[in-house]
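Pasting the sequence and the predicted coordinates here, then a few questions.
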Amino acid sequence: MQFETSRRIYAAIRRSKHAELRKQLVDAAVRYARIRTDYRLTDPATRADMEDGRTRAHNVLIDACNILARAMQRDGEDIGWRRAMTDDRKIIGDFACHLHALLGIEGR
């Protein structure tokens, strides 16, 4: 996923009236991005210990995306962002990392 695509997806998510579900998605994305970074920076033995937690965090992120998309669709909001994200786990994980970076830059 390209960084600019992630920016557009995040902008679409921010337009949703579902504030709590948006927050859950952002929290899950930031948590997963941190775990993914820690995983990359650690040694192979530690990675093996991290694997289950990383997978669970990724599943929580995907669930948060799906839950928000369903709520938005139910209320007639545009969910093109979810289709753009696809169901590819790697792409969804990349979105989480891009979102983490966007939030960090916005926070300066």
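Cool, the structure landed. Residues are numbered from 1 along each chain as shown.

Skip the chain neighbours and tell me the closest residue to Phe3.
His98 (5.3 Å; CB to CB, 6 or more residues apart in numbering). C-beta here means a position set from N, CA and C on the backbone, and glycine is covered the same way.

make that Asp38, sorry
Met50 (7.1 Å).

circling back to that earlier point, and the residue nearest to Phe3, how far is that from Ile91?
10 Å (CB to CB, to the nearest Å).

what does Tyr32 give?
Distance from Tyr32 to Ile91, by CB to CB: 13 Å.

Any regions of this protein where pLDDT drops low?
Residue ranges of the chain with pLDDT under 70: none are present.

go with 90
Within the chain, the segments meeting pLDDT under 90 span 1, 106-108.

what are the ranges of the helices in it?
Here the chain has its helices, by DSSP state H, at 3-14, 19-41, 44-74, 80-85, 89-106.

Pipe these into TSV and attach mean neighbour count per row.
Converted to TSV, the helices of the chain look like this (neighbours: other CB atoms under 10 Å):
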stretch	mean neighbour count
helix 3-14	16
helix 19-41	17
helix 44-74	15
helix 80-85	17
helix 89-106	17
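
Would you check that the residue nearest to Phe3 makes contact with Arg8?
No. Assessed by CB atoms under 8 Å, His98 is found out of contact with Arg8, at 10.6 Å.

Once you drop chain neighbours, what's closest to Leu103?
Val30 (6.8 Å).

Quick check: the one you found vs Gly76, distance?
Distance from Val30 to Gly76, by CB to CB: 28 Å.

what's Ser16 in contact with, if anything?
Counting by CB atoms under 8 Å, 6 or more residues apart in numbering, Ser16 touches 22, 68, 71-72, 77.
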